[in-house]
Every structure is written in structure tokens, then in C-alpha cells.
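A.B. asks: my questions concern the predicted model and sequence given below.
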Amino acid sequence: METVAVLINPTKLSRGSEAAAAVGAAVERFRALGRRVLVSDTAADLLPVPVETAPAEALAGEAGLLVVVGGDGTILHGARLSAGRVPLLGVRTGGFGFLAELNVEELPEAVPRLAAGDFAVEPRMMLEAAVERDGIARDRYLALNDAVVTGTGVARVLRLRAYVNDELLASYPADGLIVSTPTGSTAYSLSAGGPIVHPRVEVLIITPINPHTFNARAVIVGADARVTIEVDPPGRPDAEPRLTVDGQAGQPVRPGERVVARRAEAVTRLVRLSRPSFYGILRAKLAWGERA
């Protein structure tokens with residue numbers, strides 16, 4: 001690994017803070033070990049050391065390791081930038097975050113191991129989602145967590161039809177429908193009542209959002225299933241349906257279009273310096289261990 005890229009969420013780091021000092025110290029340690037360091041251009045001026053910069057979209061193409069500093073949202077962004085190409089190390093700047101491996105103050109001490117490639121890589125399944133018309137997609141999106149179809153207008157309730165491999169699964173009057181990966185099972189899907197799935201169990205989870213019926217339940221389907229979502233009646237103009245992936249990107253679903261989600265060929269390669277227990281993370285993040 002000759003080059004290390006650092007993607008920083010500028011809203012999670014302030015100039016002069018201990019977090020900025022920790023990232024600056026990590027940059028200097030990488031350089032002392034002979035590594036070139038590139039930092040996302042939107043946050044470089046927050047660090048206490050001068051750095052070489054690049055646009056976020058160019059970082060993963062230049063580096064052998066992508067360090068992402070921020071919260072889970074920043075890591076999701078980094079996952080789409082690095083998918084299938086370089087390992088990603090998540091560095092937490094706040095108190096939550098399921099995906100991060102380190103707290104930001106731990107980053108400088110981890111540099112020798114990172115520079116030496118002394119870490120494990122945990123592959124995480126991703127989704128590919130697209131809005132299609134007659135089988136042709138306008139754009140395709142990668143997601144580490146989920147693809148969501150919701151209404152955005154005043155009349156938010158949608159009538160949605162979900163198909164699995166072209167077979168009708170169910171029709172939902174609901175605020176929306178989530179198709180999530182195992183990694184995404186602890187995100188929006190969990191908030192909507194979906195199950196928690198261990199990240200090594202490769203499946204897709206279909207979860208309705210606020211269904212207006214007592215019969216609608218989350219359903220787990222095979223990892224290789226193709227999930228198709230239609231809005232009925234097609235393209236309700238008053239509900240303004242929209243596809244959103246990982247809560248960050250997406251596009252409107254126009255009349256005559258459908259959303260198709262399936263397993264992506266690319267995976268996210270999360271860097272692991274320790275052997276974290278998924279159940280331990282659940283106890284810590286969901287405060288299960290504190291309950292009698």
C-alpha cells in the first residue's frame with residue numbers, strides 16, 4: 001500500500017478540536033512510514049497539518065486503503081466510493097456508529113498496523129438498485145444499507161406491490177417499503193420493525209414502513225432474489241414516490257417505472273483490527289446489557 005486516502009465529514013470535525021489533532025497525527029505517522037496521504041478536499045483545512053487533497057470521488061481510485069472519519073452516514077458514502085476496490089476503515093467521531101472500527105482518538109496508534117497491512121478484511125454484501133422502464137434503467141445505485149421507496153408529497157401513503165423474482169409477494173398500503181442488506185438490518189429497517197440479521201447471513205429483508213394493515217410483516221428472502229417494487233396506481237402524482245439508497249442518493253419514480261433491487265456484485269471490504277462480536281455491538285449500541 002503506497003497511498004492512503006482519508007475521507008472526512010467536515011460537519012463532524014472542527015478546526016482545533018482533539019479529533020482534528022488525532023487525524024493530523026495519523027497523517028504525519030503515515031508519512032513517516034513512507035506512505036502518501038490524500039485527504040478529501042472539503043475538510044483539508046480543518047487539519048493542523050498541510051495535506052495533499054483530492055475530490056472525494058477520486059480518493060478510492062488513488063489509494064490502497066480508504067480511512068473514513070465521521071459517523072455511519074459518512075461510512076456509507078465511503079462504502080459506495082470504495083466498493084469492490086479498496087478496504088475501508090471506519091473511524092467514529094461521535095458516540096454511536098455500528099460500522100466504525102475505531103474511535104478517532106485511537107487512529108494514530110493504529111497507523112503502524114494499517115501501513116503494514118496487518119488487518120483483516122470483512123466483506124459486506126451490497127445492494128444494486130435502479131428505477132427501470134421496460135427493463136431499462138436510467139441510473140443504477142450501490143447501497144450498503146438499503147434501498148427505500150417512499151412518498152414525498154402531502155399524500156404520503158402509497159399502495160405498493162412487491163414482487164420476488166417476478167412473483168407477487170404482497171400489496172402494501174404504507175408510507176414506503178425498505179429492501180435492506182444484513183448490514184442495513186440495524187438501520188432504517190430496524191426502526192420500521194424489521195428483524196436484526198447477522199451480517200454474515202446473506203439475505204435481503206423487505207420491510208414495510210408504517211403499513212396501514214395488521215397483516216403486513218417484514219419478510220426475509222434469499223440473497224440472490226430480485227425484488228421489484230411497483231407503485232399502484234402507477235406513479236401517483238400526489239404522493240411523488242422516490243427511490244433513495246442509504247438515505248443519501250436516489251431519484252423520483254415516474255409513472256410507468258418500477259424499482260428493482262438485487263444483490264450487487266461489488267462488496268464493501270471493512271477493515272478489522274480486532275475481532276468484534278456482533279452481539280457485543282448490539283448490547284453496547286442498543287443498551288441491551290443495561291436492561292434487567
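C.D. replies: It's in.
A.B. asks: helices of this protein, residue ranges please.
C.D. replies: 18-32, 56-62, 72-82, 107-115, 188-191, 278-285 (DSSP state H).
A.B. asks: columns mean neighbour count and distance to Ile178 on top of those helices, output as TSV?
C.D. replies: No exception for glycine: its C-beta is placed from N, CA and C like everyone else's. Output for these, formatted as TSV (neighbours: other CB atoms under 10 Å; distance: least, CB to CB, whole Å):
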stretch	mean neighbour count	distance to Ile178
helix 18-32	19	32
helix 56-62	17	26
helix 72-82	24	15
helix 107-115	18	33
helix 188-191	19	5
helix 278-285	14	19
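A.B. asks: out of the ones you listed, nearest to His198?
C.D. replies: His198 sits nearest to helix 278-285 of all the helices of the chain, at 5.6 Å, using CB to CB.
A.B. asks: what pLDDT, on average, does the closest one get?
C.D. replies: Averaged over helix 278-285, pLDDT sits at 83.
A.B. asks: which neighbouring elements make contact with it?
C.D. replies: Based on contacts counted as 3 or more CB pairs under 8 Å, 6 or more residues apart in numbering; DSSP states H and E, there is no element that helix 278-285 packs against.
A.B. asks: might you report the residue contacts of the closest residue to Ala115 other than its chain neighbours?
C.D. replies: Nearest residue to Ala115, sequence neighbours excluded (CB to CB, 6 or more residues apart in numbering): Leu33, at 4.5 Å. In this structure, Leu33 makes contact with Val111, Pro112, Ala115, judged by CB atoms under 8 Å, 6 or more residues apart in numbering.
A.B. asks: now Ile206
C.D. replies: Here Ile206 is in contact with Ala162, Val164, Leu169, Leu177, Ile178, Val179, Ala218, Val219, Ile220, Val221, Val227 (CB under 8 Å, 6+ apart).
A.B. asks: neighbours around Pro255, how many?
C.D. replies: Neighbourhood size, Pro255 [other CB atoms under 10 Å]: 12.
A.B. asks: from Tyr172, how far off is it?
C.D. replies: Here Pro255 is placed at a distance of 19 Å from Tyr172 (CB to CB, to the nearest Å).
A.B. asks: low-confidence stretches in this protein?
C.D. replies: For the chain, residues meeting the criterion pLDDT under 70 lie at 95-96, 153-155, 233-238, 289-292.
A.B. asks: which residues touch Asn145?
C.D. replies: Leu76, Ser180, Thr181, Thr183, Gly184, Ala187, Tyr188, Asp246, Gly247.
A.B. asks: at 6 Å instead, please
C.D. replies: Gly184, Ala187, Asp246 (CB atoms under 6 Å, 6 or more residues apart in numbering).
A.B. asks: what of Ala79?
C.D. replies: Counting by CB under 6 Å, 6+ apart, Ala79 makes contact with Leu144, Thr268.
A.B. asks: now do it against Ala25, distance only.
C.D. replies: 25 Å.
A.B. asks: list the buried ones in stretch 173-187?
C.D. replies: Under the neighbour-count criterion of 16 or more other CB atoms under 10 Å, stretch 173-187 has 174-187 buried.
A.B. asks: out of those residues, which is nearest to Arg263?
C.D. replies: Thr181 (8.3 Å).
A.B. asks: next one: phi and psi at the closest one?
C.D. replies: As for Thr181, its main-chain torsions (degrees, to the nearest 10) stand at phi -80, psi 170.
A.B. asks: that one contacts Met125, correct?
C.D. replies: Yes: under the criterion of CB atoms under 6 Å, Thr181 is in contact with Met125, at a separation of 5.1 Å.
A.B. asks: can you report how many residues lie near the closest residue to Arg161 other than its chain neighbours?
C.D. replies: The spatial neighbour of Arg161 that comes closest, neighbours along the chain excluded (CB to CB, 6+ apart), is Glu230 at 4.5 Å. Residues contacting Glu230 under the criterion other CB under 10 Å number 20.
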